[in-house]
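Engineer: Quick one, what's the 3D model for this:
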Amino acid sequence: RGYKYHQTTKQLQKLTDENACFVALDSSLCCNLFKADTCHKCQEGWEQNGTQCYYFSTDKLTWEQAREKCRRNGADLVKIESEDEQSFLMQKLRDKMLEDEDKFWIGLTDSVTEDTWLWTDGTPLNKSLTFWSSQGEPDNWKEEDADGEDCVRMGEKHKSGLKWWFDKSCKKPHKSIYSRSSR
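Structural biologist: The predicted structure is shown next:
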């Protein structure tokens, strides 16, 4: 009986500690500390960061096609809301980019009004939190497409730092990053 009491007390203490962590701190930190079964999970093939799940699609599609495919999967093109999220995505992309032109669509566009960058959920880009490449981006270059460059791709295989965003013609096929909340 003593052993069973000890095991039950030990399990109760573990659950109490996990609960305190979830109440006081960020749940993703608690998940990492406790490997708790109560943590949000992503389905197979998706990668988790905090409470978000990400899917790195290798299908090369136009921006609109990529977005439609995201939506069919219960997601949308990624909305990058922090430096930590940008850093996480860059680390993942470094392994997934096989060549220099392996770029990934994100959910940012100025197709409604030039130079008014909006995420797919309609929120404006926070100008104090951008990761445009330092090579004069966005530049709305019109040499490849007279309509200019109204969608954003990220990725730069041989570049360090966080400045990985480039505007590009929405008609150019690229891979893409889907995002949705973990379940």
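Engineer: domain ranges for the chain?
Structural biologist: Domain assignment for the chain, taken from automatic domain parsing, gives 1-39, 43-181.
Engineer: gap between the longest one and the chain center?
Structural biologist: Here the centre of mass of C-alpha atoms in domain 43-181, compared against the chain's by C-alpha atoms, centre = their mean, to the nearest Å, lies 9 Å away.
Engineer: right, and the helix or strand after the lowest-mean-pLDDT helix or strand in the chain?
Structural biologist: In the chain, the helix or strand scored least confidently by mean pLDDT, DSSP states H and E is helix 27-34, which has a mean of 59. Using DSSP states H and E, the helix or strand that follows helix 27-34 in sequence is strand 47-49.
Engineer: In that next one, which residues are buried?
Structural biologist: Across strand 47-49, burial judged by 16 or more other C-beta atoms under 10 Å covers 48-49. (C-beta placed from N, C-alpha, C; glycine too.)
Engineer: That one packs against which elements?
Structural biologist: Packing contacts for strand 47-49, counted by 3 or more C-beta pairs under 8 Å, 6 or more residues apart in numbering; DSSP states H and E, involve strand 52-61, helix 83-96.
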